[in-house]
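Asks: Generate a structure from the sequence data that follows.
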Amino acid sequence: MAWYAARVLPAGRHEGRGSGGGKTVTVRWFLRPASATLYLTAFVYGLIGAFYWAFALEAVSDATGENSLMAPLFWTLMGLAGISSVFAGAFFVRLGLRLGQAVLFIALSAAIALLGLAPGALPAVLASAVLYVPTFMATSSLLALWSYRVFPE
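Replies: Purely as a prediction, here's the structure:
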């Protein structure tokens with residue numbers, strides 16, 4: 001990917017919109033009214049991620065035993081499912097940011113609930129892995145798109 005980027009991107013420094021205008025970034029710039037919901041969403045996203053990444057594998061291992069093949073299968077499925085997040089752009093074009101966020105947070109909740117309610121049940125564990133990662137990654141895209149709308153500079 002680095003080779004491809006070096007081939008297709010223009011060389012030299014890029015002066016984006018808002019740069020070079022002599023603007024100083026201040027606390028007030030960060031605390032504009034439109035940023036409050038963005039920050040709250042990013043905080044909740046971080047909490048969800050911290051808990052899931054920290055405890056998901058432990059819940060699977062506790063429920064299935066340390067020598068189970070469930071943990072490697074869980075990680076493998078998470079990685080494979082993550083590839084589907086390349087469609088996040090099309091997802092947001094179709095639904096928009098607001099509805100897209102609602103769908104993503106419902107899906108994140110479902111992935112966590114599946115793992116929390118049935119950590120040893122193979123179908124629940126597999127569904128949680130397949131649902132969680134692409135949703136988590138698409139939410140990262142959501143935050144990037146939303147940040148650009150709030151801070152276009």
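Asks: how about Ala42, what does it touch?
Replies: Leu143 (Cβ atoms under 8 Å, 6 or more residues apart in numbering). For every residue, glycine as well, the C-beta is placed using N, CA and C.
Asks: What strand or helix carries it?
Replies: helix 35-64 (DSSP states H and E).
Asks: And that helix, what's buried?
Replies: 35, 38, 41-42, 45, 48, 52, 56-57, 59-61, 63-64 (16 or more other Cβ atoms under 10 Å).
Asks: cool, and stretch 129-149?
Replies: Of the residues in stretch 129-149, 129-143, 146 count as buried by neighbour count, 16+ other Cβ under 10 Å.
Asks: Lowest-confidence one in those?
Replies: Among the buried residues of stretch 129-149, Ala129 carries the weakest pLDDT, at 84.
Asks: ok, and the closest non-adjacent residue to it?
Replies: Leu77 (4.2 Å; Cβ to Cβ, 6 or more residues apart in numbering).
Asks: From Ala127, how far off is that neighbour?
Replies: 9 Å (Cβ to Cβ, to the nearest Å).
Asks: Buried residues in the helix or strand containing Ala110, which are they?
Replies: Using DSSP H and E, Ala110 sits in helix 88-117. Under the neighbour-count criterion of 16+ other Cβ under 10 Å, helix 88-117 has 88, 91-92, 100-101, 104-105, 107-108, 111-112, 114-115 buried.
Asks: Run through the protein and note the low-pLDDT ranges.
Replies: Scanning the chain for pLDDT under 70 picks out the ranges 13-23.
Asks: go with 50
Replies: Scanning the chain for pLDDT under 50 picks out 20.
Asks: hmm, back to that, now the helix holding Ala110, how far from the centre of its chain.
Replies: Chain-centre distance of helix 88-117: 10 Å, with Cα atoms, centre = their mean, to the nearest Å.
Asks: What of stretch 82-98?
Replies: On Cα atoms, centre = their mean, the centre of stretch 82-98 falls 11 Å from that of its chain.
Asks: Pull out the CA atoms of that stretch and give them to me as CSV.
Replies: Written as CSV, here are the backbone C-alpha positions of stretch 82-98 (Å, rounded to 0.1, in the frame of the first residue of the first chain):
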residue,chain,number,x,y,z
GLY,A,82,-12.9,-6.7,9.3
ILE,A,83,-12.2,-6.8,5.6
SER,A,84,-15.9,-6.0,5.0
SER,A,85,-15.4,-2.5,6.6
VAL,A,86,-14.0,-1.4,3.2
PHE,A,87,-17.7,-0.8,2.4
ALA,A,88,-18.1,1.8,5.1
GLY,A,89,-18.0,4.7,2.6
ALA,A,90,-20.9,3.2,0.6
PHE,A,91,-22.7,2.5,3.9
PHE,A,92,-22.6,6.2,4.9
VAL,A,93,-23.5,7.4,1.4
ARG,A,94,-26.6,5.3,1.5
LEU,A,95,-27.7,5.9,5.2
GLY,A,96,-26.0,9.2,6.1
LEU,A,97,-24.0,9.8,9.2
ARG,A,98,-26.9,10.1,11.7
